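Visitor: this one's structure only:
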């Protein structure tokens, strides 16, 4: 399905915004591979069900990326729990929920992580 000129312009703007505001990170899927992508850094406050009828509030380290940049072995990877993001000497693990939309057109996703190393 082809994009309209307006959709193409919106995509180009979102990619440029991510490049301008972001930094280089490595997104890794264990036993599959990894890819270097530009990500904008952020934080989110998430409420997670604790399984006992209560809610736990968690602060996550987020990485906002263009979803189609997450391509490993010619396939776009949808972030899932257990994937990792490496920034310099720090390692972050994707948690549940693994991501949320970062824009209304679903071009970018906000990957929710917790620091596990570094």
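Guide: Ah, there it is. Only a predicted model underlies this, so the values are computations on that prediction, with no experimental measurement involved.

Visitor: now the closest residue in space to residue 109 that isn't next to it in sequence, what's its secondary structure?
Guide: Distances taken as Cβ to Cβ, 6 or more residues apart in numbering place residue 99 nearest to residue 109, at 4.5 Å, with adjacent residues excluded. In short, each C-beta sits where N, CA and C put it, glycine included. Following DSSP: H, G, I helix; E, B strand; the rest coil, the label given to residue 99 is strand.

Visitor: so residue 99 sits right up against residue 112, yeah?
Guide: Yes: between residue 99 and residue 112 a contact is recorded at 6.3 Å, counting by Cβ atoms under 8 Å.

Visitor: report the buried residues of the host helix or strand of residue 56.
Guide: Assigned by DSSP states H and E, residue 56 falls within strand 55-66. For strand 55-66, the neighbour count (16 or more other Cβ atoms under 10 Å) marks 60-66 as buried.

Visitor: ok, so of these, who is nearest residue 32?
Guide: Comparing the buried residues of strand 55-66 against residue 32 with Cβ to Cβ picks out residue 65 as the nearest, at 16.7 Å.

Visitor: OK, contacts around that closest one?
Guide: 18, 25, 27, 37-40, 108-109, 111 (Cβ atoms under 8 Å, 6 or more residues apart in numbering).

Visitor: who wins on neighbours among these?
Guide: Scoring the contacts of residue 65 on neighbours with other Cβ atoms under 10 Å, the highest-scoring entry is residue 111 at 28 neighbours.

Visitor: so what's it up against?
Guide: Residue 111 touches 27, 39, 62-65, 79, 83, 85, 94, 98-99, counting by Cβ under 8 Å, 6+ apart.
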